[in-house]
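Enquirer: Turn this into a model:
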Amino acid sequence: MKQLLEQIIAFRNERNWEQFHTGENLAKSISIEAAELLECFQWQHEVEDLEHLKEELADVLIYSLLMVDRYHFDFEAIIKEKLEKNNKKYPAQKAYGNHKKYNKLEGK
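Expert: Now for the predicted structure:
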């Protein structure tokens, strides 16, 4: 993962784009690219153009990794922390096969 992030940063730096990558702009870009990802599914239940899907997903991931870099986050650590929180909010015995939000789950 570190080597991939280094490639993304090198691409950005070769173009002097870091000046535009404020937290706000990166958050906007993630949201915009996520909307473009969603557009792949517009009017259908499953995507037809997998290449386009991969490109839009890559854009979301690239901007997300640039935000990780911007705030000097440890990519693996923030995901592990979130997984731990989600494990507590969505215990398997309550959430298994259930799409309800954590505050709507009933005990089993």
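Enquirer: Please name every helix or strand in contact with the biggest helix by length in the chain.
Expert: Longest helix in the chain by number of residues (criterion: DSSP state H): helix 50-70. Packing partners of helix 50-70 (3 or more CB pairs under 8 Å, 6 or more residues apart in numbering; DSSP states H and E): helix 2-14, helix 23-39, helix 75-89. For every residue, glycine as well, the C-beta is placed using N, CA and C.
Enquirer: Do me a favour and average the pLDDT over stretch 28-43.
Expert: For stretch 28-43, the mean pLDDT works out to 97.
Enquirer: What residues of it count as buried?
Expert: By neighbour count with 16 or more other CB atoms under 10 Å, stretch 28-43 contains the buried residues 29-30, 33-34, 37, 40.
Enquirer: What is the nearest of those residues to Y71?
Expert: Y71 has its nearest neighbour among the buried residues of stretch 28-43 in I30, at 13.1 Å by CB to CB.
Enquirer: how close does the closest one get to N87?
Expert: 25 Å (CB to CB, to the nearest Å).
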